[in-house]
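Pasting a predicted model and its sequence here:
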Amino acid sequence: MKDSRRSRLFLGLLLAVALVLITVDHRSENTPVFGPLRTIVTSAFGAVERGVSTVTEPIGGFVGALAGAQGSREQITNLKAQNSKLEGELSSQRIDKRRSAELQAMLGLSGLGGYKVVPAQVVARRASPGFEDAVEIDAGTADGIKPDMTVLNGQGLVGRVVRATASTATVVLLCDPASSTGARIENSGELGVISGLGANGNSGRRIMFRLLDSTLPIAAGTRLVSFGSQQGVPYVAGVPIGVIEKVEATPGELTRTAYAKPFADLSSIDVVGVVVEGPKRDPRDALLPQAPKPAAKPKPKPKPATTALPGQQAQPQIARPGVTNPETGPGNPAPRNTRPDSRPENTSPENVSPEDTAPENTAPGNARTTDRENRGPAEPVRGREGETSIPDDEAA
């Protein structure tokens, strides 16, 4: 449409009509003329709007998704990176917490024994020339570590240093077949030798102990500590080694063989301490863990007392030789008439045997008395089916 005077006049007229309609509609909302008309127009335009919205809404959503797809991909990538970072931090915190606990246990053991140690961490497990079970630690000669030094952790003896560089050192484990050390039995001066079993020791979970005196008794549960070497090289004294699990019978040999479980888990070691200076005094058995208490034996349950029911006679007590009567006390005779086979007093003559009618006191020299001397004339006794019977002595 061209910008002319006529067009401007037409637009102004339309605007004026719109304003008039709006004003009239606002002021006459409840009038009977404009009210129904307004409702009809609103319903018609509402239906048109709903139809248009139903058609255009999926198209608009698809266009919006295409427009924001790039931003969503970037957000997903950022969230995945943050998730991986948080998982790594959580894993590191767990490892640090475990290492902190191991370090505290190792420092506590070395402090109790009077050892001066250099903490180190195992960085690799590798075989060394001449040895099968060895590990690499991240401390060396720059930290004061030299070959033939004792290595321990928070549980007990681990091994000894065999090679050292400026920043690393190689430690041969106690379970290596070429490794051996002197050991002493707890609370005793009896000595023996600890040797590694290698692959035969279930990945370091079992070592061999040979007692030098084959006549001495040794049992499962006996605990061992290091005997120590001269000037603490290569092993210092008093470090816990393990507990004996099995004793092998070796008849005719000069030594006795046993198998022990090391206190230190040699299959998964992380934080260790290298003893650079031994104790001034042998700690003996002070570093051994507390021995487990034996299980308490269960107490026998008391037998419930039997109570006689109303109308039922209680079972008689039978006195046995050498058994104290609980009612009369020690040394008192048991009450008489305690036989379980005692017969009732009122019985018929037919059911009474001669043994039951014999008097109790029949020893020689005792006068025998009869009931006939103390009773009056005999009375007839009624037997079965109403028959009357007379005792034999009266009949005679």
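Yep, that arrived.

hey, where'd the strands end up in the protein?
Secondary structure of the chain by DSSP state E: the strands cover 116-125, 134-137, 150-152, 157-164, 169-173, 180-185, 191-195, 207-211, 223-226, 240-248, 256-262, 271-277, 381-382, 388-389.

Gly12: which of those strands is closest?
Evaluated over the strands of the chain, closeness to Gly12 peaks at strand 116-125, with 89.9 Å, by Cβ to Cβ. For glycine as for every other residue, the C-beta is placed from the backbone atoms N, C-alpha and C.

buried set for stretch 175-189?
Buried residues in stretch 175-189, defined by neighbour count with 16 or more other Cβ atoms under 10 Å: Cys175, Asp176, Pro177, Ser179, Ser180, Thr181, Gly182, Ala183, Arg184, Ile185, Glu186.

Model confidence score at the first one, please.
Put plainly, it is Cys175. In this model, Cys175 is scored at 91, pLDDT.

wait, it sits on Asn202?
No: the criterion here is Cβ atoms under 8 Å, and Cys175 misses it with Asn202 at 9.2 Å.

quick one: contacts for the residue lying closest to Asp148 once chain neighbours are set aside?
For Asp148, ignoring the flanking residues on the chain, the nearest one in space by Cβ to Cβ, 6 or more residues apart in numbering is Pro234 at 3.9 Å. Contacts for Pro234 (Cβ atoms under 8 Å, 6 or more residues apart in numbering) come out as Asp148, Met149, Thr150, Arg160, Val161, Thr181.

who wins for most neighbours among those residues?
Thr150 (28 neighbours; other Cβ atoms under 10 Å).

Pull the contacting residues for that residue.
By Cβ under 8 Å, 6+ apart, Thr150 lies in contact with Tyr115, Leu157, Arg160, Ser226, Gly232, Pro234, Tyr235, Val236, Val239, Val274, Val275, Gly278.

what about 10 Å?
By Cβ atoms under 10 Å, 6 or more residues apart in numbering, the residues touching Thr150 are 115, 117, 157-161, 171, 181, 226, 228-229, 232-237, 239, 273-276, 278.

got it, and Arg163?
Counted by Cβ under 10 Å, 6+ apart, Arg163 has contacts Ser128, Pro129, Phe131, Ala134, Glu136, Gly140, Pro147, Ala169, Thr170, Val171, Val172.

Just the buried residues of these.
Ser128, Phe131, Ala134, Glu136, Gly140, Ala169, Thr170, Val171, Val172.

Could you point out which of those is nearest to Ser43?
Nearest member of the buried ones among the contacts of Arg163 to Ser43, counting by Cβ to Cβ, is Glu136, at 85.9 Å.

ok, what's across the strand from the closest one?
Per DSSP bridges, the residues bridged to Glu136 are Ala124, Thr170.

In JSON lines, list the buried ones among the contacts of Arg163 along with pLDDT and distance to Ala286.
JSON lines is the format used below for the buried ones among the contacts of Arg163 (pLDDT from 0 to 100; distance: Cβ to Cβ, whole Å):
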{"residue": "Ser128", "pLDDT": "77", "distance to Ala286": "33"}
{"residue": "Phe131", "pLDDT": "88", "distance to Ala286": "31"}
{"residue": "Ala134", "pLDDT": "92", "distance to Ala286": "30"}
{"residue": "Glu136", "pLDDT": "94", "distance to Ala286": "31"}
{"residue": "Gly140", "pLDDT": "94", "distance to Ala286": "31"}
{"residue": "Ala169", "pLDDT": "94", "distance to Ala286": "28"}
{"residue": "Thr170", "pLDDT": "94", "distance to Ala286": "30"}
{"residue": "Val171", "pLDDT": "94", "distance to Ala286": "25"}
{"residue": "Val172", "pLDDT": "94", "distance to Ala286": "26"}
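
Widest-spaced pair of the residues you listed?
Phe131 and Gly140 (18.0 Å).

Quick check, Ala120 in contact with Leu152.
No: with contact defined as Cβ atoms under 10 Å, Ala120 does not count as touching Leu152 (11.1 Å).

Between these two, tell me which one has more neighbours.
Legend: neighbour count by other Cβ under 10 Å for Ala120 and Leu152, higher for Leu152 (27 against 24).

Please determine how far that one is located from Gly238.
10 Å (Cβ to Cβ, to the nearest Å).

shared neighbours of these two, anything?
Joint contacts of Leu152 and Gly238 (Cβ under 10 Å, 6+ apart) are Gly113, Tyr115, Ser226, Leu287.

so what's the third one bridging to?
What that stands for is Ser226. Ala183.

Dump the contacts of Arg163 into CSV; add distance to Ser195 as well.
Shown next, in CSV, are the contacts of Arg163 (distance: Cβ to Cβ, whole Å):
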residue, distance to Ser195
Ser128, 18
Pro129, 20
Phe131, 13
Ala134, 16
Glu136, 23
Gly140, 28
Pro147, 20
Ala169, 23
Thr170, 20
Val171, 17
Val172, 13
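
nearest to Gln75, of the residues you listed?
Glu136 (44.0 Å).

Now do the contacts for the spatially closest residue to Gly182 that is not a sequence neighbour.
Distances taken as Cβ to Cβ, 6+ apart place Phe227 nearest to Gly182, at 3.6 Å, with adjacent residues excluded. Listed by Cβ under 10 Å, 6+ apart, the contact set of Phe227 reads 181-185, 189, 191-194, 235-239, 241, 282.

before we move on, what about Arg205?
Contacts of Arg205 (Cβ under 10 Å, 6+ apart): Cys175, Leu197, Gly242, Glu245, Lys261, Pro262, Asp265, Leu266, Ser267.

Fine, thanks again, bye for now.
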